[in-house]
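[1] Need a 3D model of the following:
(2 chains)
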Amino acid sequence: MEFIREYYFDFNVMSDYMSPILDGFWLTLKLSILGGIFSLIWGLVLAVLRQLPGKPLAPVRWLTIGYIDVFRGIPLLIVLLLVSGGLSTLAAPIGGDVLPDFIGKPTWFGETSPFWYGVISLTITYGAYMAEVYRAGIESVPGGQMEAARSLGMSHSQSMRHVIVPQAVRRVIPPLLNDFIALMKDTSLVSILGAAEVVYVGRQIQSDIFNGSGLVMGAILFLIVTIPLARLVDYMIGRQQARYERGIA
Amino acid sequence: MSTEGGSVVPTTGELKTAPDGSILGLHEIRKSFGELVVLDGVELTIKRGEVVCILGPSGSGKSTLLRCVNLLSPPDSGRIVLEGEEITGKGTAGLDFVRQRVGMVFQQFNLFPLKTALENVTLAPETVLGRSEGECRKRGEELLTRVGMADKMHEYPDRLSGGQQQRVAIARALAMDPHVMLFDEVTSALDPELVKEVLDVMRELADEGMTMMVVTHEIGFAREAAHRVVFMDGGVVVEDGPPSQVLDNPQQERTKSFLGLVLEH
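    Residues are numbered from 1 along each chain as shown, chains lettered A, B, ... in the order given. From the prediction side, this is the model:
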């Protein structure tokens, strides 16, 4: 029992390392927010591409479906390693200097390359997840909405933009938030590239002083954000349910 | 009704305005869904200003026919000629041509739920015709007033009754200045006490000379507002004539038995 208290909940360790842990968590938040925003946008683009009408655009639909299948089906860790390895190599002499450094080894806005590899990989992977959520939302909008818009002379893209997507997005805000929670937890994988987010910091403390309290502190910080988000999702689903029951979609 | 915009479908030599003054001609229209033949060679011409009510048992193809007219559900074969222009087989040009001239009102209203009544009416003229916001708003207010919705312009659809929603839907279709209006069982989803307010709006439109194709089960409306009644069954036009003839003195056995069933209760 004493071991558990000391190894996991040593408050002295937590307070001694509070500053680097908070710095790490700040990086976690930045990864989550940037990755989240880009995934939301990229996912919507993918979902709309997937719904393009007509025979000539079938190749676009197939490519989009292929992309979504691939990146939903492989671990984020592999994407992280391939993105970081590929980009950095292409910008190095060994890769033929194909890419300029500011793309291959990006340090935009003062953040490190591993940070940006993380944002890119999260966007690639979570864009695919979110595309599926958006698709469910688009498909849940009654077909009569598209027909009404088209019958008024609006094109497919005008109908999507003004009629279908606004309704779809409202319906999928809760599941998108769920994906955001998952994305936030997965930012921890970016530590493998050396981005000093909260798990990376916790591991360093662990290996320096053989104590897991830094990691526990990190876990607590995650919970401070994710539990309220989960409650928010529940609340929104409950409210939506009530709206459906009143017959409003 | 204005006719600005001009033709987007190129006029070829053989496609002239029909000499009989028809605004809409449907010729040999066929449509199947898989094995199921829904329209089996429909012939129908409609004159400018004519109100044509289409009756028939469910599954007779009458709603599908309406959806063929504005190419929401394009026919497998056959020709549709609108104002002398063939719209079938023209791709997007045909779509644009027909949808800006033919308005449609649906059984389920299909109002846009995130937009107010007025926004429902102004959306298409703004985005499709590129008219100014002020112009669309003014016209939208006029149209909503005309359908008796002046005091509900800024309400969202979920705050409106079915009859009110359907009247907004009619105003929304009229905002595109259509030359022909299609009504697809527009009172079937309404509570009985709300049917009249919608039919009254349609009657006024008919009186003003709007060309209308009305798929309906309202025999009373067909009798007093229609110039012609068309009875469809099995994907073809079975009987076609003035209401007094088709409704009161039907020639075909199928028309008689259908009217017998409908008028019984």
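
[2] Could you list the low-pLDDT ranges of chain A?
    A:244, A:246-249 (pLDDT under 70).

[3] how about a cut-off of 80?
    A:95, A:243-249 (pLDDT under 80).

[4] And the strands in it, which stretches?
    Shown for chain A, no strands are assigned by DSSP state E.

[5] Show me which residues of the stretch 51-200 of chain B are close to chain A?
    B:70, B:72, B:96, B:99-100, B:103-104, B:106, B:108, B:110-114, B:123-124, B:127-129, B:158, B:169, B:172-173, B:176 (CB under 8 Å from any CB of the partner chain). Just so you know, the C-beta spots here come from the backbone N, C-alpha and C atoms, and that holds for glycine as well.

[6] Below-threshold pLDDT in the stretch 101-250 of chain B: ranges please.
    Using pLDDT under 80, nothing in the stretch 101-250 of chain B is flagged.

[7] where along it do the strands fall?
    Applying DSSP state E, counting those that start in this stretch to the stretch 101-250 of chain B gives strands spanning B:102-105, B:180-184, B:211-215, B:228-233, B:236-241.

[8] got the CA coordinates for stretch B:229-243 in CSV?
    In CSV, the C-alpha atoms belonging to stretch B:229-243 read as follows (Å, rounded to 0.1, in the frame of the first residue of the first chain):
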residue,chain,number,x,y,z
VAL,B,229,-58.7,15.7,-65.0
VAL,B,230,-56.3,12.9,-65.9
PHE,B,231,-56.8,9.4,-64.5
MET,B,232,-53.7,7.3,-64.4
ASP,B,233,-53.4,3.6,-63.7
GLY,B,234,-50.7,1.1,-64.4
GLY,B,235,-48.2,3.8,-65.6
VAL,B,236,-50.4,5.1,-68.4
VAL,B,237,-53.1,7.8,-68.9
VAL,B,238,-56.4,5.9,-68.8
GLU,B,239,-58.7,8.8,-69.2
ASP,B,240,-58.3,12.5,-69.9
GLY,B,241,-60.9,15.2,-70.1
PRO,B,242,-62.9,17.9,-68.4
PRO,B,243,-63.9,17.2,-64.8
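
[9] which residues of the chain fall in helices?
    In the absence of a named chain, chain A is used. Secondary structure of chain A (DSSP state H): helices located at A:2-8, A:11-16, A:18-50, A:58-73, A:76-90, A:101-104, A:113-140, A:143-151, A:156-159, A:165-186, A:198-209, A:213-245.

[10] my bad, chain B
    Using DSSP H, helices in chain B cover B:62-69, B:92-99, B:117-128, B:133-146, B:162-174, B:192-207, B:219-225, B:243-248, B:253-264.

[11] Residue A:231: which of those is closest?
    helix B:117-128 (33.6 Å; CB to CB).

[12] For that closest one, name the packing helices and strands.
    Contact partners of helix B:117-128 among helices and strands, from 3 or more CB pairs under 8 Å, 6 or more residues apart in numbering or on different chains; DSSP states H and E: helix B:133-146, helix B:162-174.

[13] With respect to burial, which of the ones you listed scores highest?
    helix B:162-174 (a mean of 26; mean count of other CB atoms under 10 Å in any protein chain shown).

[14] And residue A:230, how far from chain B?
    27 Å (CB to the nearest CB, to the nearest Å).

[15] Could you do residue A:175 as well?
    For residue A:175, the distance to chain B - CB to the nearest CB - is 19 Å.

[16] Go ahead and confirm that residue touches residue A:133.
    Yes. Shown here, residue A:175 and residue A:133 form a contact pair, counting by CB atoms under 8 Å, at 4.8 Å.

[17] what about these two, which has more around it?
    Taking neighbours as other CB atoms under 10 Å in any protein chain shown, residue A:175 and residue A:133 compare with residue A:133 leading, 23 against 19.

[18] which non-adjacent residue is nearest residue B:59?
    The shortest distance from residue B:59 to any non-neighbouring residue, by CB to CB, 6 or more residues apart in numbering or on different chains, is to residue B:38 (8.0 Å).

[19] Oh, that last question was meant for residue A:106, not what I typed.
    Using CB to CB, 6+ apart, the closest residue to residue A:106 is residue A:116 (4.3 Å).

[20] so who does the one you found touch?
    Residue A:116 makes contacts with A:106, A:107, A:108, as judged by CB atoms under 8 Å, 6 or more residues apart in numbering or on different chains.

[21] Filter those down to just the buried residues.
    Buried subset of the contacts of residue A:116 (neighbour count, 16 or more other CB atoms under 10 Å in any protein chain shown): residue A:106.

[22] which one of the contacts of residue A:116 is nearest chain B?
    residue A:108 (36.5 Å; CB to the nearest CB).

[23] which residues does the closest one contact?
    For residue A:108, the contact set (CB under 8 Å, 6+ apart) comprises A:102, A:116.

[24] Quickly note the distance from it to residue B:201.
    59 Å (CB to CB, to the nearest Å).

[25] picking that back up, among the helices of chain A, pick out the one with the most neighbours on average.
    helix A:113-140 (a mean of 22).

[26] what angle sits between that helix and helix A:143-151?
    90 degrees (axes from the mean of the first three to the mean of the last three CA atoms, to 10 degrees).

[27] Tell me which of the helices of chain A lies nearest to residue B:228.
    The nearest among the helices of chain A, by CB to CB, is helix A:143-151 at 23.4 Å.

[28] Just the CA trace of that closest one, in CSV.
    Extracted in CSV, the C-alpha atoms of helix A:143-151 (Å, rounded to 0.1, in the frame of the first residue of the first chain):
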residue,chain,number,x,y,z
GLY,A,143,-33.8,13.1,-48.8
GLY,A,144,-36.7,15.6,-49.2
GLN,A,145,-34.3,18.4,-48.2
MET,A,146,-32.0,17.8,-51.1
GLU,A,147,-35.0,17.4,-53.5
ALA,A,148,-36.6,20.6,-52.3
ALA,A,149,-33.3,22.5,-52.8
ARG,A,150,-32.7,21.0,-56.2
SER,A,151,-36.3,21.6,-57.3
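
[29] What is that helix packed up against?
    Going by 3+ CB pairs under 8 Å, 6+ apart, helix A:143-151 lies up against helix A:156-159, strand B:102-105.

[30] Dump the ones you listed into TSV; add distance to residue A:8 as well.
    Shown next, in TSV, are the helices and strands packed on helix A:143-151 (distance: least, CB to CB, whole Å):
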stretch	distance to residue A:8
helix A:156-159	54
strand B:102-105	67
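
[31] Spit out the contact partners of residue 157.
    Unless you meant another one, I'm taking chain A. Applying CB under 8 Å, 6+ apart, no residues contact residue A:157.

[32] that answer is for a different chain, and I need it for chain B
    B:109, B:111, B:112, B:113, B:115, B:117, B:120, B:165, B:168.

[33] Who are the contact partners of residue 92?
    Going with chain A. Counting by CB under 8 Å, 6+ apart, residue A:92 has contacts residue A:104.

[34] The intended chain is chain B.
    So residue B:92 contacts nothing (CB under 8 Å, 6+ apart).

[35] per-residue confidence at it?
    pLDDT, residue B:92: 83.

[36] hey, what's the residue nearest the centre of chain B bridged with?
    Nearest to the geometric centre of chain B sits residue B:182, at 0.3 Å (CA atoms, centre = their mean). Legend: beta-bridge partners of residue B:182 under DSSP bridges are residue B:104, residue B:213.

[37] can I assume it is in contact with residue B:105?
    Yes. Using CB under 8 Å, residue B:182 is in contact with residue B:105, at 7.1 Å.

[38] isn't residue B:41 right next to residue B:77, touching?
    No. Shown here, residue B:41 and residue B:77 do not form a contact pair, counting by CB under 8 Å, at 9.1 Å.

[39] any residues in contact with both of the two?
    B:28, B:29, B:30.

[40] and the last one, how many neighbours?
    By other CB under 10 Å, the residues close to residue B:30 number 16.
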